[in-house]
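> Let's see this in three dimensions:
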Amino acid sequence: MENIARTLMLGGIALFLIGGGIYLAAKFGIPLGRLPGDIRIEGENGSFYFPVTSSILVSVILTVVVNVILRLWRK
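Predicted coordinates:
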């Protein structure tokens, strides 16, 4: 039961940090979701949006951050 509680708390902290990062990105004017390469198709009956470039950028940033944290943790 302790493992489940610990996992839920870490997940909550991670969601809090992600939300804070998105909030700060919006405050500083970083246009996540509106970068060149993001696909947006709008029609009469609906719309489709897929943030390709934003997803790649977030993936690269998270990869670098996780690698730095793991390298510091191993020492």
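> where along the chain do the helices fall?
With DSSP state H, the ranges of helices along the chain come out as 2-27, 52-74.
> Could you measure from residue 15 over to residue 50?
23 Å (CB to CB, to the nearest Å). No exception for glycine: its C-beta is placed from N, CA and C like everyone else's.
> and if you look at residue 13?
From residue 13 to residue 50 the distance is 29 Å (CB to CB).
> Ok, residue 19 next?
For residue 19, the distance to residue 50 - CB to CB - is 22 Å.
> Repeat that for residue 14.
24 Å.
> who's in contact with the residue positioned nearest the centre of the chain?
Closest to where the C-alpha atoms of the chain average out (CA atoms, centre = their mean) is residue 58, at 5.4 Å. For residue 58, the contact set (CB atoms under 8 Å, 6 or more residues apart in numbering) comprises residue 32.
> roughly how far apart are it and residue 43?
27 Å.
> Quick check: can you list the domain ranges of the chain?
Listed by automatic domain parsing, the domain ranges of the chain are 1-30, 32-75.
> want to try JSON lines for these, with mean pLDDT as columns?
Listed next are these as JSON lines, based on pLDDT from 0 to 100:
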{"stretch": "domain 1-30", "mean pLDDT": "89"}
{"stretch": "domain 32-75", "mean pLDDT": "89"}
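> Burial check on residue 53, number of neighbours?
Per other CB atoms under 10 Å, the neighbour tally for residue 53 reads 16.
> List the contacts of it.
So residue 53 contacts 35-38 (CB under 8 Å, 6+ apart).
> And those residues, which is closest to residue 69?
For the contacts of residue 53, the closest approach to residue 69 (CB to CB) belongs to residue 35, at 25.5 Å.
> The residue nearest to that closest one when sequence neighbours are not counted and residue 5, how far apart?
Nearest non-adjacent residue to residue 35, counting by CB to CB, 6 or more residues apart in numbering: residue 53, 4.3 Å away. Distance of residue 53 to residue 5, given as CB to CB: 38 Å.
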